[in-house]
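Chemist: Sequence first, then the predicted structure:
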Amino acid sequence: MFERFTKHSRDTVRDAVALVTDRGEDKVAPEHLLLALAAQEQSTAARILHEHGVTTAELDADGEAAGPAGLTDEEVDALKAVGVDTDAVFARMREAFGPDALRPDPAARKPRKRGRLGGAFDADAKKILELSLREAIALEHRGIDTGHILLALLRHGLSASMATVLTRQGLTYDAARERVRETRDEAA
């Protein structure tokens, strides 16, 4: 399937893998794919995101709020369920130890496997890449472009914090799909 990806789409996947490696995280998740899309300048998805005012800084800031200190959303929710005010705890940790206190230690990250493009993708990221193919087929496009990855992200879902950013900026699946169709028609 990867051979059907355009150059920008391949770059997106590589950038998502690099982002995970740089952050010392284990697996590429849909949020990493969205951040990689937003960081590009000339791709279809980047243009759509930028037209709606979505920036990497906004996505990253909201994305970090979802799981600081290496905690998953479920773990944060579990702490809140037993009465822990996680927002206050995390804020006090940042005040006491600095703004990067809740980021994973880069020195503790696992060594990156060489010679492979992929690295580990979580089940949701794999589903996004599969759905991007389906989006391309549904639009009768031969290649899988970044716009198709964006559509798959919007269709499959993102973390609550990143979905909130997109909703706040008025970016919907239907609007993005129409823009992807227009962009491809303009290129033809």
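Modeler: Great, that's in hand.
Chemist: Count the residues that sit near residue 35.
Modeler: Around residue 35 there are 20 other residues, counting by other Cβ atoms under 10 Å. In short, each C-beta sits where N, CA and C put it, glycine included.
Chemist: contacting residues around it?
Modeler: Residue 35 sits next to 16, 19, 56, 59, 60, 63 when contact means Cβ atoms under 8 Å, 6 or more residues apart in numbering.
Chemist: mind showing which ranges of this protein have poor pLDDT?
Modeler: Applying pLDDT under 70 to the predicted model, the residue ranges of the chain that meet it are 1, 62-70, 72, 101-119, 185-188.
Chemist: most neighbours, which of the contacts of residue 35?
Modeler: The most crowded member of those is residue 16, carrying 26 neighbours; neighbours defined as other Cβ under 10 Å.
Chemist: Next, work out how far apart that residue and residue 29 are.
Modeler: Between residue 16 and residue 29 the distance, using Cβ to Cβ, to the nearest Å, works out to 9 Å.
Chemist: what is in contact with those two at once?
Modeler: residue 125.
Chemist: Was I right to think residue 147 contacts residue 175?
Modeler: No - here residue 147 does not reach residue 175: they are 11.9 Å apart, not a contact under Cβ atoms under 8 Å.
Chemist: Give the closest residue to residue 5 in space, chain neighbours not counted.
Modeler: By the measure of Cβ to Cβ, 6 or more residues apart in numbering, the closest residue to residue 5 outside its immediate chain neighbours is residue 144, 4.9 Å from it.
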